[in-house]
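Novice: Here is the input, now give the coordinates:
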Amino acid sequence: MADEPDNLVLHLLRRLDERTERISEDLREVSIRLAHVEENLVGVNRRLDRLDQRVDRIEKRLELTDNPYGGVRE
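Specialist: Sure, this is the predicted structure:
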């Protein structure tokens, strides 16, 4: 009878260790996926920056840009 509590405790500790390991693996996977999302976001930001530059050039050509005195040209 004295062995049963030890076995029960060991059994519970092993289950806890297995769960902790699964959580650790899941966290590694989430970290990798988050890194990929961040990389993709950098790419999107670069494209938006280029698009913003293109819009600025178009506005300048169409004379839609702000004048140096702060007002919008009409």
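Novice: Residue 54 in helix, strand or coil?
Specialist: Assigned by DSSP: H, G, I helix; E, B strand; the rest coil, the conformation of residue 54 is helix.
Novice: Number of residues surrounding it?
Specialist: Burial of residue 54 is recorded as 10 neighbouring residues (other Cβ atoms under 10 Å). No exception for glycine: its C-beta is placed from N, CA and C like everyone else's.
Novice: Also residue 65?
Specialist: For residue 65, the neighbour count with other Cβ under 10 Å is 14.
Novice: Surely it and residue 59 touch.
Specialist: Yes: with contacts counted by Cβ atoms under 8 Å, residue 65 reaches residue 59, the gap being 5.0 Å.
Novice: In this protein, what residue spans correspond to strands?
Specialist: For the chain, applying DSSP state E gives no strands.
Novice: quick one: low-confidence ranges for it?
Specialist: Within the chain, the ranges that satisfy pLDDT under 70 run 1-3, 67-74.
Novice: repeat that for 90
Specialist: 1-6, 63-74 (pLDDT under 90).
Novice: now the helices for it?
Specialist: Secondary structure of the chain by DSSP state H: the helices cover 3-61.
Novice: what residues are up against residue 57?
Specialist: Contacts for residue 57 (Cβ atoms under 8 Å, 6 or more residues apart in numbering) come out as none.
Novice: State the distance from it to residue 46.
Specialist: Between residue 57 and residue 46 the computed distance is 17 Å (Cβ to Cβ, to the nearest Å).
Novice: Could you do residue 30 as well?
Specialist: With the distance defined as Cβ to Cβ, residue 30 ends up 25 Å from residue 46.
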